[in-house]
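Student: below are the sequence and a predicted model; questions follow.
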There are 4 protein chains.
Amino acid sequence: MAKIAFIGLGQMGSPMATNLLKKGHEVSVYDINLAAIEKLTALGAASSPTLNEVVQGCEFIITMLPNGKLVEHVIFGEQGFVNAIAPNALVIDMSTIHPFESDQIREKLNALDIQFMDAPVGRTSDNAIAGTLLILAGGTDEQIAKASDILLCMGSEIINTGGPGHGIRVKLINNFMSISLNALSAETATLCEALDLPFDIAMRVMQGTPANKGHFTTTWPNKVLKGDLSPAFMIDLAHKDLGIALDVANQLHVPLAMGAASRELYSQARAMGRGKQDWTAILEHVRFCSGLTK
Amino acid sequence: MAKIAFIGLGQMGSPMATNLLKKGHEVSVYDINLAAIEKLTALGAASSPTLNEVVQGCEFIITMLPNGKLVEHVIFGEQGFVNAIAPNALVIDMSTIHPFESDQIREKLNALDIQFMDAPVGRTSDNAIAGTLLILAGGTDEQIAKASDILLCMGSEIINTGGPGHGIRVKLINNFMSISLNALSAETATLCEALDLPFDIAMRVMQGTPANKGHFTTTWPNKVLKGDLSPAFMIDLAHKDLGIALDVANQLHVPLAMGAASRELYSQARAMGRGKQDWTAILEHVRFCSGLTK
Amino acid sequence: MAKIAFIGLGQMGSPMATNLLKKGHEVSVYDINLAAIEKLTALGAASSPTLNEVVQGCEFIITMLPNGKLVEHVIFGEQGFVNAIAPNALVIDMSTIHPFESDQIREKLNALDIQFMDAPVGRTSDNAIAGTLLILAGGTDEQIAKASDILLCMGSEIINTGGPGHGIRVKLINNFMSISLNALSAETATLCEALDLPFDIAMRVMQGTPANKGHFTTTWPNKVLKGDLSPAFMIDLAHKDLGIALDVANQLHVPLAMGAASRELYSQARAMGRGKQDWTAILEHVRFCSGLTK
Amino acid sequence: MAKIAFIGLGQMGSPMATNLLKKGHEVSVYDINLAAIEKLTALGAASSPTLNEVVQGCEFIITMLPNGKLVEHVIFGEQGFVNAIAPNALVIDMSTIHPFESDQIREKLNALDIQFMDAPVGRTSDNAIAGTLLILAGGTDEQIAKASDILLCMGSEIINTGGPGHGIRVKLINNFMSISLNALSAETATLCEALDLPFDIAMRVMQGTPANKGHFTTTWPNKVLKGDLSPAFMIDLAHKDLGIALDVANQLHVPLAMGAASRELYSQARAMGRGKQDWTAILEHVRFCSGLTK
């Protein structure tokens, strides 16, 4: 059994620390919310008013905090625990923070010869309670191997994301996509309602198309990801269809902020000569606009 | 076997008409492209330089054209076939056109006691060749029943979309969503590349989350679609994560037009008091912004 | 004095026709709104239930209608006046319509040897009443010379916009800019309010800067319009400042849809190597994105 | 003559410090760029490798740095000058930084009984050289009175922006508006070019309209700012005209990211019942979307 410090007992952190306790680990906890601490100490956790004492002698120090400034603060701030970290301890930040802040924290700790890995989590607070989170482990293979028993007390699956900083990066990518997609889905469903089209009929259709299955595993692999831009469905036609949708939406008073932005993207792709290419070539267009290709 | 007129022999129409011939139907065809006509007549189709003669005596008249103006034109234009339609014939528009144009055509034909249904198709030109298109049938149940043998010569699946005009509406919804999603996916994949994160790792994560599975069948059914807005993941946090993504993207020179639009949508939802609601409440926000709710 | 037909007696058309009458011209009017007609006939206008009779023998036929479909309809529709136009008559469309619809109407009339010019108006309904509209005359120099006495009954200033179709084009450009600018101004003023900054102080500053004076006559002439992209204020800094504004706005719940779109434009300009150029180089960037430059 | 420390000798700071010297003040300077320091010491400035020595005994300490982190750093960082500030000295930050960072710096200094004001500058580096900057003074009236002789060595005009933090806020507002407007102007000019309309003709028209004169001093004062939303030009018509412009632009391959965003804003305003209001009511709409009104 390991000695573990757990800092940050919020909606996610509290059940995660609880699961560590349940698996028999020796856990000391810290939060600014005393009620949250009491809940854990009632379950057998140790605590202390100072971070230094909380991390004392721990093999693993886990942070689960709302943002990078706070992670920085509990480690390097005036009351931070940086000088109390045991030799060979591994600091694991499981928060969802800015990846460049995570990089800075890792670099500052590594400069002090302290091990650090990023391991943000996927899924929901229900999964945190059930111990079935998805762990996006960013670190060296050694760090991940060392931490995996501990991480699997909180989650049911670990993905080795390929290196230090990759966990927090993949979390960002996943959240960007799923959060933006949520808003785009809302535009679609609202347009559907404004057209008096029952949503279950639209769903029945979309379940069989990229609209709901996504493009990453349907249209892209055999086209743009292979470098084949010959048209199965042309950029020009995609642009035309978006134009119809926006015209309908504007007649029906459904504002489509994201839809409108996407039409202008296709328009730009056409202006730059991609009108007759496959619609998946929009990836090449966005890469070009980002300076990633010439 | 039925007597069928087929008007519009493009990338989709040509193989669709071919499949009707192959199944033994008597098909007369029309296009402004003579080479396209010759290909079909070589396979046994009849043709004629005038639309009136092409539709003469046909039970089914199918149009498959690039836009609504052309559909309107071949029916009601100076050389249009409207006056040559046989009694009891069914006009089936399989084109992807503006739904309000489709409505107008139906209403004008119905006023002349002529049957009309919309039946746009899903999937690709490969499916048109294989006869495995998805048929989105908009019409009365009688019309769909009458047409289904014919439609199943061209497609492998018919969805009864629930009424006249619903086929073309569901096509619009599906295309809006899949085309916009394609552009959003491109922004995500480009951000991933700019972060030096291998795309296959991002894919491995996203395959298990709404990022690739979509929200319609994952996060929405148990939350917003049931009227439960208690937060599994708060609008406030979704907004925060988008802010991080945009900050990273702007540092890395990855323009995220759609991502930026989505952040402002979440910002607006927060301004209107939804910050502590579940992220799926963005649907309720967009509905409100469209005047569908008070 | 001239014989003039005036078709379209709405908020603008009614006072414009009135002013023609007041200046002593012989005016016959048409509208679907009988009350509007009565108002004009009470002032001495002639009228008739058929367009053909209204335009009979007129030297000038003026249309002032809500959209291009209606202009097309009154000229070429079933009841349209196209066959009743006197030889040497000049058709003047003063409506704000789609420029490509205007082009089509002109081309169709010219093919029949009928003279047509576009002359949309600027300013407001108050100016229509006062006869002080701004006339944006699109036509040949001969047409504008011929029409100018008539036009100056309704407006106080004619701008010869340089050729047929140019009037309606410049109207479009002006309206696009002023309407979009109105929304951007609203975002700015709202951000100002959310920052608790009195608007009159912001105004006092902006009156002396491009923020209120515009760029066309301040920053552009000596930089981008001369081909000088050396930085007085760098794209990189402009991008940074927009980032601060968006961060502030997102903290204060002020959604800046246009501001967000503009930041991504600057981001794209940076990605394409313009970060160290003058901010007016954004013009060159947008031109590039439109395929106007390589 | 005053004793002044000047920290930050970039494109703006260097000529500003030079002007202080020229007016006879005793100036000590600091920068990480030694060449920049040498240029100033050659003109009579004092310098020192430590910030503490540079600010020693100075009545005024001016910072002119690229961002708030640096301002924070030179004041409160490990080598920061906070403990060397003379009693009654006034710290003046003339940088353009994040207003909330400026607030934090002021609050931290005030807590130590140290006077701080924000006084960012307007206009260009040419004006910095000529000593004709516009000074946006944020501070108490006493602070501004005390600083004004000094400030007028660098600028030709001081605007008292009404209180501490207001200078940096008004700078933000001004820059947000002028930078976004620059991009919108680029969209307009590019659309003009794509329409083959000479820009000077468009300019001739726009110079007399809100398109170039702005709305703050033309359309707003007698309408929305007075609470009068009766239509001089209706939201519905503004929305229609934007629709035409976007249709034209999309046909001509001119991507209008900002124009598209603005159309969706007007669409939303219509959905929320503002279609028949004056176009200046878009301000009320954006205020509503920001939670500033119910």
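Tutor: Noted; the coordinates are in hand.
Student: and for A:Val27, the neighbour number?
Tutor: Neighbours of A:Val27 under the rule other CB atoms under 10 Å in any protein chain shown: 29. Bear in mind the C-beta positions are built from the backbone N, C-alpha and C, glycine included.
Student: so it belongs to a strand, correct?
Tutor: Yes. A:Val27 sits within a strand when classified using DSSP: H, G, I helix; E, B strand; the rest coil.
Student: and A:Leu136, that's in a helix?
Tutor: No. With three-state DSSP as the criterion, A:Leu136 is located in strand rather than a helix.
Student: that one: neighbour count?
Tutor: Around A:Leu136 there are 28 residues (other CB under 10 Å).
Student: and the nearest residue to it once chain neighbours are set aside, how many neighbours?
Tutor: Distances taken as CB to CB, 6 or more residues apart in numbering or on different chains place A:Gly167 nearest to A:Leu136, at 4.2 Å, with adjacent residues excluded. Per other CB under 10 Å, the neighbour tally for A:Gly167 reads 32.
Student: now do A:Gln11
Tutor: 17.
Student: just checking, what packs against the one helix or strand A:Ile201 maps to?
Tutor: Element membership of A:Ile201, judged by DSSP states H and E, is helix A:199-206. Packing partners of helix A:199-206 (3 or more CB pairs under 8 Å, 6 or more residues apart in numbering or on different chains; DSSP states H and E): helix A:166-194, helix A:210-213, strand B:155-160, helix B:166-194.
Student: closest to D:Gly227 out of those?
Tutor: Each of the helices and strands packed on helix A:199-206 has some distance to D:Gly227 by CB to CB; the shortest is helix A:166-194, at 31.6 Å.
Student: pLDDT averaged over the closest one - what is it?
Tutor: Averaged across helix A:166-194, the pLDDT comes to 98.
Student: what about it, distance to the chain center?
Tutor: 12 Å (CA atoms, centre = their mean, to the nearest Å).
Student: what residue in chain A is the furthest from its centre?
Tutor: A:Gln251 (36.9 Å; CA atoms, centre = their mean).
Student: now do that one against D:Gly275, distance only.
Tutor: A:Gln251 is 12 Å from D:Gly275, where distance means CB to CB, to the nearest Å.
Student: next one: A:Asp141
Tutor: Computed with CB to CB, the distance linking A:Asp141 and D:Gly275 is 61 Å.
Student: neighbour-wise, which of these two wins?
Tutor: Legend: neighbour count by other CB under 10 Å for A:Asp141 and D:Gly275, higher for D:Gly275 (19 against 11).
Student: the more buried one: what secondary structure?
Tutor: Relying on three-state DSSP, one would call D:Gly275 coil.
Student: what strand or helix carries the closest residue to it other than its chain neighbours?
Tutor: Spatially, and ignoring its direct neighbours in sequence, D:Gly275 is nearest to D:Asp236 (4.3 Å; CB to CB, 6+ apart). Using DSSP H and E, D:Asp236 maps to helix D:235-251.
Student: quick one, that helix and helix A:235-251 angle?
Tutor: Using axes from the mean of the first three to the mean of the last three CA atoms, to 10 degrees, one finds that helix D:235-251 and helix A:235-251 are set 180 degrees apart in direction.
Student: packing partners of helix D:235-251?
Tutor: Using 3+ CB pairs under 8 Å, 6+ apart: helix D:235-251 touches helix A:235-251, helix A:257-271, helix C:99-111, helix C:166-194, helix D:166-194, helix D:257-271.
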